[in-house]
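>>> The sequence and its predicted three-dimensional model are supplied below.
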Amino acid sequence: MSWSLYSELKVQPQDHEGIKEKYSVTSDILSFQLCRRQYGFFAIRKYQPAHVVQMWYGTIIHQVLDKLHMHYLGLLNPDVKNIIPTDDYVKRYFEEVEDSLRARGIRAINNQIRDTAIAALLEFNRKEGPNLYPNVIDSECNLQISNQDYILHGVVDVLKNSSENIDTSIYDPVEIWDYKGSRFPNKNNKTDRKKLNDYEFQMLVYGELYKIKKGKYPAKGVLYFINELTNPKSINQVHVIDFTRPYNIERIKQAMKSFSETVRNIEDCKKNDRWDPPDEDKLPGDETCDICDLRWSCPSRRNHYTMRSYTSK
Amino acid sequence: MLLNEMLEIIEPILGHELDDEQKDVIEHRDGPLWVVAGPGSGKTEVLVIRTLKLIFVDEINPKSIIVTTFTEKAAKNLFDRILNYASAIFERHPELEQQIDIHSLRRGTLHSICNDVMLEYRYPGYENYRLLDDIEQYLFIYDHSSLIRDPARDKEISKYMPLWLHFDYLFRGFDQRTRSNGWNNRKYPPNRWKRTEAAMLLFNRIVEDMIDVEKMRDAGDGLDLLYDAYIDYLEKMEKHKRCDFSHLQRKFLEFLDSQLGLLFLNGDNSERHPGISYVMVDEYQDTNPIQEAIYLKLAGATHNLCIVGDDDQALYRFRGGTVDCMVTFDRACKRAWGVNIEQFFLNANHRSHHEIVNYYNEYINSFPCMRLEGARVSEKPRLISRRVITENYPEVAYLTGKTIDDTANNFAEFVSYLLQNNIIQRPNQCVLLMRSVRENQSNAGPFAQALRQHGINPYNPRSRTFLNQEEIMTMLGAIISILDPEQKALNSICKTAPGIVDMVNSWIKEYELIASSNKKLKDYVQRSIKDIRALTINSWLNENILEIFFRLLRYSPFYEWQSDPERSYRLGKLTKILETYSAIPYQNSPGSNRGDLRISRTNAGEISFTWRQNFYYSLIGLLVSKGVNDPEDEELICPSDRLPIMTVHQAKGLEFPFVFVYGLDEAPKETNLDSSILLENELARYRKNPPFFKFCSLQKAEHDLIRFYYVAYSRPQYALIHIVPKTHLNKNGYGFISCNAREFMKRVQRIN
C-alpha cells in the first residue's frame, strides 16, 4: 500500500469567511420583529404562501404614482414633460397597471375597492401633483449602505426638494416620502399604534441611511396615507417626522440600535436554524396570524385555530 | 487616488502581490479588453481590483459600471470582495465615502441585471410580468403551446408531423414515465412530454442563438411550422404576461433600443441616469450569442467591454452556451465596431502543485482536434505553476478496483486513511467529481454507500433523491389521497405512464404506512375526503392545493418534522413546486390559477377528473422524469463534516486540496451525439450573426468532453486522484491524455 507516501503531507483547512448579508428594513427587520417563525419559514426556508398576498391596492397605488412621476419627467412621453397629468392620464395609467396585474391573477376584491383606489389617485394628483412633481429628485430610490457586519437596505418612495427654512449646513433640504395605501392609523387602537410605530421606525432608518450616504440628515420624513384622500371628514393625510428636532435624532439612534439587535437575533436563529414563535407576550395580533398559512401548525397559535371543513367557495 | 496608493491599501488584505500580467489587466484604461485566464490564475480577483481601480483611481461613477458573472452566488461573492477592499480604502480616506456610492455598482448575473434595469426604468414591455423558471416554462408550454395541444393522433392529421420528423434527433433517450426508449411509433407524433421538452429546447435556442426566424421559416421542411409555433408561444406568453429566461434577454435588447433604454445607456448627466461607461464580464466562455449582442450594445458607445474567461473551461453548451463567443471575441468586436482589441493572457497558476499543472497542460494540448483553428483561443500559452508545495507524494495518482463497488470501497478507505493520519483534517477538504451524481448503482450510489460505511457522511444535494425522502413522499401521498381518494384518475393513466403511476403509488403507500401510526393525520385525511364528497358539481373548493399542504403540517409527524431543518427545507421546496404548478393559467383565461380546485362537472363529490389527470401528466410527469434536487444553501459549498460529491459543473470555480475524479467517457459517436450540439449546428445557418468557424457535431462533442475533464483536473491544490475501475482501464477513454490508457498507466502512479 503506497498511501504512506502521503504521510508527510499535512493540509490545514481554510476557513471561508462568510459573505455579508443584506437586510432590508421592511422585508427583514420588521418582518422578523413581527414574527420570527413566519420570517424563518417564508424568508429563509422559502415556503411559498398559499395566496399571493394580494396587495392589489398597495401595488396599484404605488405603480400608478410612479407613472405619474415618470409622466412629469417626460419619461413616458417627452411631449408632456413638465406638465401635470390630467385626470384622463391618471385613469389611463390606472387601467394599464390594472390590466397587467389582472393577467397575473391580482385583482381588486370588489368594485368599491377599485373605485376608492382610483378616486384616491385622482385626488392625490390634483392636490399634491402641482407642488410635488416639480420637486421630485428621485422615486423608488434605493438606499444601501454597509457596515462591518452587514448591508442595510431600504427603498424610499420619493425623494423631494424641501422648501422648509432649515440650516443647510446641518440638513439637506430634502424630504423622504413614503406612500401608505391605507387610512391614517388610529392612535387609540393598540394595533394601529404599533403599525405607526413601525412606519416611523422605517423612516428613522431611512433618515440614517440618507445621512450616511449624503453626509447630512434630510429635513423631514413624510408618511402619506393615501386613503385619507377619499374620506371627506379627513383632516390629515400626512404624518411628519421632523429630523431637525434633536428628539428625532435621538430616536434615529435608538432605531439603528434596534436594527443591529434584530440583525443579531436573525443571525442567531440562522446559526441554530430554529424559528420558534415569539414569546407569549410578543405574539403578533390576530390580524397577522389570521392570514398566516402557518397558523394551523404554529406551536403557539394552533389551538386558537380550529380546522374548518372543506366546503365550496 | 493613484493606483499604487490603492494597491498599497488592498495588497495586505489580498495576502500577496499581483503579478505583472494581472497588473496589466488592472491598469488597462479604455477600449475592448480580452482576458484569457487559465484555471487558478486569480481572474476574479483581477476583475474585482480592476473595478476598484475604475472607481477609485479613474473616478468612474459605480452606477455606470456593469459587472456580470455566471451565477448569483458568484456575483454575491464578487461584490463582497469589492466591499471589503472598499471599506479598507474608505477607512484610509473617509472623505471618499460620501462621494462614492459603492452599492450603486450594477452587478449580478446578466439575467438579474436585465430584470433589475427594466424594473428600475419601468419598461412598459416588462410591467408586472411573471418570470418563468425551467419548471414553469415546461408546464406553461405543456398546457399552452399549440405544438403540444395539437390534438392529432396520427400522421395524416397532425399538422406538426413534418416538424417532429425534421427534429427526430431530439427524441432519443429513455423516458422514465413511459419506460420506453426514443420515439418508437412514427405513425404518431412523439408523446406530449417529449414534445414539450423539444419545444422548450427549440424556443430557447431560437432566442439565445438570435435566429432570424423569417429566414428559418422560408427554409420550409418543418421549419415553417416551427416558426408558426414559436410565434404562437410568444403571443401566449404576452397574453398571460409571462416571460421565460431566454426572452428576458430578448426583451432587454428591445428595451435598449427604446427611449428609456437610450436614457439608461447614454445618461442625461444627472445623478440618476449617469449612462453606462464600462462593462465587465466574468466567465465569458459560457456566454451565448444573444448575451454577446447585449454586451456589445451595452458597451456600444464607449467600446469599454472587458471580458474574462477560459475557453478550455466552457461547460454549458447544453444550456445554450457557445464557446465561440470567447474564442472569437476579437472578430466579434471587429464585426460590430470595426475596432481592434487588446488581449492579455493570465497564465500563472496559483492553485495547483506544479506536477498537476503540468498534467493538465499536457492533457489539453494532447488532442489534435483541439489544435484546429477556432477550437481554442489562438496562441494560448501553457500555464505556469506558481504554487510552491515542497512535500513529496504522488500528486497525480489513480485508485482502482475490480468492480465499481470495490473501487468505491477503496476510495472510501483511502479518504479514511487521509483523515486518520491527519493528512487532511476534515472530509470537505476532498471532493469526488462525477458526470452524474444520482445515487444509483452506476453513478454516485456505491460511493455514497462506501463513505457511509466508513463513517463519512457524503454531501450530495444534487443526487435527485428529493422525491424519495420520507417527508416528501408522505406529504404528496397525503395530498393525493385527499384529491384522488380511489386513484381513479391515476389508474386511468397506468397504460400510458406506468413510471408516474408506480412513483405516485409509492408515495401513497408511504403515506398509509405513516398514517397507520398517526391517527390524527389519518382522521384528517379521511374527513377531508368526506367533506369533498359532499360538494356539488361544478363548485369550487374553499381551499387551494397549497392550503391543503399547510393544513397537513398540523399533524404528526409533519408537526415534529418542521423542527428538523433538513426535512423542513425540503417541505419548503415542495411548496415552491406546488406554487409553480398553481401559477399556470388555464387556456384563454389570463389570471386564472390552477391551484384552485373545482368539483367535477359531471360527478359530484370528486375533484375534476381533468384536473387530476393534468396534475399527474404535467407536474408529476416532469418531476418523475427529471428528478428533483434537494434545496441548497447558497452560501455553503459543503459542511465541514461531510464529503462533497459533485458534478464537474457544480465544481466550476472551486478548488479543493484532494480531488477525486471518477470515470472516463467513450469516444462520441454520430448516433449518440448530444441534441444541443446537433441543434446548435443545424440552426447556425439562420443566425443573425453567423459563427466565424464551423465544426461538425462530432468535433464539438469531442471538444466538450475534453473540456469537461480539463475543468475537473484543474480543481485540486495538492492531489488529483483518478478513480478508475479495472474494466475502464482497458479502454482508450476520453479523460486520459491522448485517450491513451497504456500511457496513463505508465505515467500515473497507482496507489492501491
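Nice, thanks for sending it over.
>>> Could you use CA atoms for every contact and neighbour count after this?
Fine.
>>> Tell me which residue is most central in chain B.
Centroid check for chain B by C-alpha atoms, centre = their mean gives B:R319 as the closest residue, at 7.2 Å.
>>> what's the distance between it and B:F140?
19 Å (C-alpha to C-alpha, to the nearest Å).
>>> burial of the residue of the stretch 301-450 of chain B found nearest chain A, as a residue count?
Among the residues of the stretch 301-450 of chain B, B:I423 lies nearest to chain A; the distance is 4.4 Å by C-alpha to the nearest C-alpha. Counted with other C-alpha atoms under 10 Å in any protein chain shown, the neighbours of B:I423 add up to 17.
>>> Make sure it is actually in contact with A:P13.
No. Using C-alpha atoms under 8 Å, B:I423 is not in contact with A:P13; the gap is 10.5 Å.
>>> what about the helices in the stretch 51-200 of chain A?
Ranges of helices within the stretch 51-200 of chain A are A:56-73, A:87-102, A:111-127, A:129-132, A:190-214, based on DSSP state H, counting those that start in this stretch.
>>> What of the stretch 201-313 of chain A?
Going by DSSP H, counting those that start in this stretch, the stretch 201-313 of chain A shows helices at A:246-272, A:286-289.
>>> For the stretch 1-150 of chain A, list the residues in contact with chain B, please.
Within reach of chain B by C-alpha under 8 Å from any C-alpha of the partner chain, the stretch 1-150 of chain A has these residues: A:1-3, A:5-13, A:18-20, A:41, A:45-50, A:75, A:97, A:100-106, A:138, A:144-145.
>>> Mind doing that once more with 7 Å?
Listed as neighbours of chain B in the stretch 1-150 of chain A under the rule C-alpha under 7 Å from any C-alpha of the partner chain: A:1-3, A:5-13, A:19-20, A:45-48, A:50, A:75, A:100-105, A:144-145.
>>> So which of the residues you listed belong to strands?
The members of these that map onto strands under DSSP state E are A:144-145.
>>> Just the buried residues from the residues of the stretch 1-150 of chain A next to chain B, in PyMOL please.
Those of the residues of the stretch 1-150 of chain A next to chain B that count as buried under 16 or more other C-alpha atoms under 10 Å in any protein chain shown are selected in PyMOL with:
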select buried, chain A and resi 6+7+9+11+19+20+45+46+47+48+50+75+100+101+102+103+104+105+144+145
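>>> what separates the residue in chain B positioned nearest to chain A from B:Y581, distance-wise?
Per C-alpha to the nearest C-alpha, B:G591 is where chain B lies closest to chain A, at 3.5 Å. Distance of B:G591 to B:Y581, given as C-alpha to C-alpha: 14 Å.
>>> same deal with B:M161?
29 Å.
>>> secondary structure class for A:Y23?
Assigned by DSSP: H, G, I helix; E, B strand; the rest coil, the conformation of A:Y23 is strand.
>>> got a list of what it touches?
Applying C-alpha atoms under 7 Å, 6 or more residues apart in numbering or on different chains to A:Y23 gives the contacts A:29, A:151-153.
>>> hmm, 10 Å instead?
Neighbouring residues of A:Y23 by C-alpha atoms under 10 Å, 6 or more residues apart in numbering or on different chains: A:29, A:144, A:146, A:150-154, A:259, A:262-263, A:266.
>>> same thing with B:I82?
B:45, B:47-52, B:76, B:102-103, B:105.
>>> Correct me if wrong: B:N269 contacts B:N61.
No. At 11.3 Å, B:N269 and B:N61 do not qualify as touching, with contact defined as C-alpha atoms under 10 Å.
>>> These two - which one has more neighbours?
With neighbours defined as other C-alpha under 10 Å, B:N269 and B:N61 compare such that B:N61 has more, 22 against 9.
>>> which intervals of the stretch 1-150 of chain A have sub-threshold pLDDT?
Applying pLDDT under 70 to the stretch 1-150 of chain A flags the ranges A:1, A:52-54.
>>> circling back to that earlier point, what's the closest non-adjacent residue to the residue of the stretch 301-450 of chain B closest to chain A?
Of all residues not flanking B:I423 in the chain, A:K10 sits nearest, at 4.4 Å (C-alpha to C-alpha, 6 or more residues apart in numbering or on different chains).
>>> Surely the one you found touches B:Q429?
No. Here A:K10 lies out of contact with B:Q429, judged by C-alpha under 10 Å, at a distance of 11.5 Å.
>>> Quick check: closest non-adjacent residue to B:S463.
Nearest residue to B:S463, sequence neighbours excluded (C-alpha to C-alpha, 6+ apart): B:R438, at 4.3 Å.
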